[in-house]
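Undergrad: fold the following, please.
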Amino acid sequence: MKNKKENIILNIIRPVLIMLWVYAAVTKVSNYPLFISELHKQPFPESTDAAIAIILPTIEIVTAVLLLFDRTLKTGYKGSFILMSLFTLYVLLAMTRTFGHIPCPCAGIIGRMNWGAHLVFNLFFVIISYVGYYLQTDKGNTTNERDKRDYSRITGKQPNARKQAGSIS
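TA: Residues are numbered from 1 along each chain as shown. Prediction:
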C-alpha cells in the first residue's frame, strides 16, 4: 500500500506528464507546416518525415491518454519513460554533433531551449516517469491490490494461496 507521501508525489507527476505530452502533441499539430519544416532539417531520410509527423504526435497523445486511466497508468508511465529516454538520447547525439549541426525540432517553449537546457529538461522528465512507474508498481511489486481483488473475485481463492497437502481442487 502506498503511503501518503507517495500518493502526493504520484498526484503531482501524473498531471505534469499528461500536460507535457498534450502540449508536445498540440504544438506540433497546431503548427504543422513549421513542424514539417523542422523535420526536414533532421538527420532522418526525408521520405520518413510525413510518417514521423503523424506517428510522433499520435504516440504523445496516446501516452497522455494512458496516463489518464488507473488501469493503463503503469503502461503510460513506461511509455513516458521510453519516449523521454529516446528524446534524451537524441539530445545527447545532437550535443555531441554526431549528425553535424541540427536544430531542435521541438515546437513552442521547448524549442527555444539550447541543447544543455533541453538535456536537463529531458532528464527531469525521464526521472519523474521512472519514479511514477516505480511508485505505481508498489516498489517493484507488479501485482497491485486491484489485480489481487480481481483474482479473488474470479477464482474464489486468495492470491498466492498454496495448495494444502491432501486437498482436492
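Undergrad: and the helix or strand hosting Val29, what does it pack against?
TA: Using DSSP states H and E, the secondary-structure element containing Val29 is helix 4-30. For helix 4-30, the packing partners by 3 or more Cβ pairs under 8 Å, 6 or more residues apart in numbering; DSSP states H and E come out as helix 49-68, helix 73-95, helix 115-136. For the C-beta atoms, the positions are set from N, CA and C on the backbone; glycine is no exception.
Undergrad: what residues of the last one count as buried?
TA: Right, the one you point to is helix 115-136. The neighbour-count check on helix 115-136 (16 or more other Cβ atoms under 10 Å) flags 118-119, 121-122, 125-126, 128-133, 135-136 as buried.
Undergrad: low-confidence stretches in this structure?
TA: Across the chain, residues meeting the criterion (pLDDT under 70) sit at 1-2, 107, 138-152, 159-169.
Undergrad: how about a cut-off of 50?
TA: Using pLDDT under 50 as the threshold, the predicted model of the chain has low-confidence ranges 140-142, 161-169.
Undergrad: coming back round to it: what's the angle between the helix holding Val29 and helix 115-136?
TA: Angle, helix 4-30 to helix 115-136, by axes from the mean of the first three to the mean of the last three Cα atoms, to 10 degrees: 130 degrees.
Undergrad: quick one: work out the angle between the next helix-or-strand element following helix 4-30 and helix 4-30.
TA: On the C-terminal side of helix 4-30, the closest following helix or strand by DSSP H and E is helix 32-40. Here helix 32-40 points in a direction 100 degrees away from that of helix 4-30 (the same axes, to 10 degrees).
Undergrad: okay, helix 32-40 in CSV with CA atoms only?
TA: Only the C-alpha atoms of helix 32-40 are listed here, as CSV (Å, rounded to 0.1, in the frame of the first residue of the first chain):
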residue,chain,number,x,y,z
TYR,A,32,2.1,21.5,-38.7
PRO,A,33,3.9,23.4,-41.5
LEU,A,34,6.6,24.5,-39.1
PHE,A,35,6.9,21.0,-37.6
ILE,A,36,7.4,19.5,-41.1
SER,A,37,9.9,22.2,-41.9
GLU,A,38,11.9,21.3,-38.8
LEU,A,39,11.7,17.6,-39.6
HIS,A,40,13.3,18.3,-43.0
